[in-house]
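In: Take a look and give me a structure for this.
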Amino acid sequence: MKTFARTAALALAGVLVAASLAFAAAADTVPTKITSQKTVYDESGKTVVFTGDVLVTRPDMKIWSDKMTVHLTPSDTPDTPGTIRKIVATGNVRLKREGKTGTCRKAVYTAEDGLLTLTGKPVLKDGENSIAGKVIRLWLKDNRSEVESGDAPVEAIFFTPADGGGK
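Out: Residues are numbered from 1 along each chain as shown. You can find the predicted model right below:
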């Protein structure tokens, strides 16, 4: 039982830091806090599930959701958590970073390619500018994005100077 408790504690500590690092694709270590109503670690399934009022807080960003599941790859070292393979945030997902905001029903981050996929009426806003579509993909490592339409076209709203920006 002591080994399980120690393994669970190590896994949770690793996941708490890595989960938000993965979403932010940050290179430096910063303090990260994850709060939820309940947290369950499943060593056999290699998952950590945070449920109920999930809030990830870092100095540079915040993520809110109803549920967040962190999927781990198995570790070669006993009593050591695996690395993050995928993170899935569902239900009332909100993101806030550097004055920019995003909302969706589901956000999936895959560590292998650094891809963050937003679905379920995703919208990204930067001040008054916004973009919405059926699926928004953000490749965090490459700083590029793609917005896919569904039944309705992609909608981008950009505010430009009234005088056309030049004279």
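
In: all strands for this structure, in order.
Out: 33-35, 38-42, 47-57, 61-72, 84-97, 100-110, 115-119, 123-126, 129-132, 135-139, 144-148, 155-157 (DSSP state E).

In: Dump the ones you listed to CSV, plus mean pLDDT and mean neighbour count.
Out: (Glycine included, C-beta is placed from N, CA and C.) As requested, these are arranged in CSV below (pLDDT from 0 to 100; neighbours: other CB atoms under 10 Å):
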stretch, mean pLDDT, mean neighbour count
strand 33-35, 86, 15
strand 38-42, 92, 15
strand 47-57, 93, 19
strand 61-72, 91, 21
strand 84-97, 92, 19
strand 100-110, 93, 19
strand 115-119, 93, 21
strand 123-126, 92, 16
strand 129-132, 92, 17
strand 135-139, 91, 18
strand 144-148, 90, 13
strand 155-157, 88, 11
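
In: among those strands, which is nearest residue 163?
Out: For residue 163, the closest of the strands of the chain is strand 129-132, at 18.2 Å, according to CB to CB.

In: Walk me through which strands that closest one pairs with, and which way each runs.
Out: Sheet pairing here is set by DSSP bridges, and for strand 129-132 it gives strand 123-126 (antiparallel), strand 155-157 (antiparallel).

In: I'd like a version of those in a markdown table, one that adds distance to residue 144 as further columns.
Out: Output for the strands paired with strand 129-132, formatted as a markdown table (distance: least, CB to CB, whole Å):
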| stretch | distance to residue 144 |
| --- | --- |
| strand 123-126 | 13 |
| strand 155-157 | 16 |
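
In: Run a quick neighbour tally on residue 122.
Out: Number of residues near residue 122 (other CB atoms under 10 Å) recorded here: 24.

In: State the pLDDT value of it.
Out: Residue 122 carries a pLDDT value of 95.

In: can you check residue 26 too?
Out: 41.

In: 22 is where my numbering starts, stick with that
Out: Got it, first residue is 22 now, which makes that one residue 47.

In: okay, the strands of the chain in CSV with distance to residue 99 next?
Out: Shown next, in CSV, are the strands of the chain (distance: least, CB to CB, whole Å):
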stretch, distance to residue 99
strand 54-56, 25
strand 59-63, 16
strand 68-78, 18
strand 82-93, 14
strand 105-118, 19
strand 121-131, 26
strand 136-140, 31
strand 144-147, 42
strand 150-153, 46
strand 156-160, 35
strand 165-169, 39
strand 176-178, 50
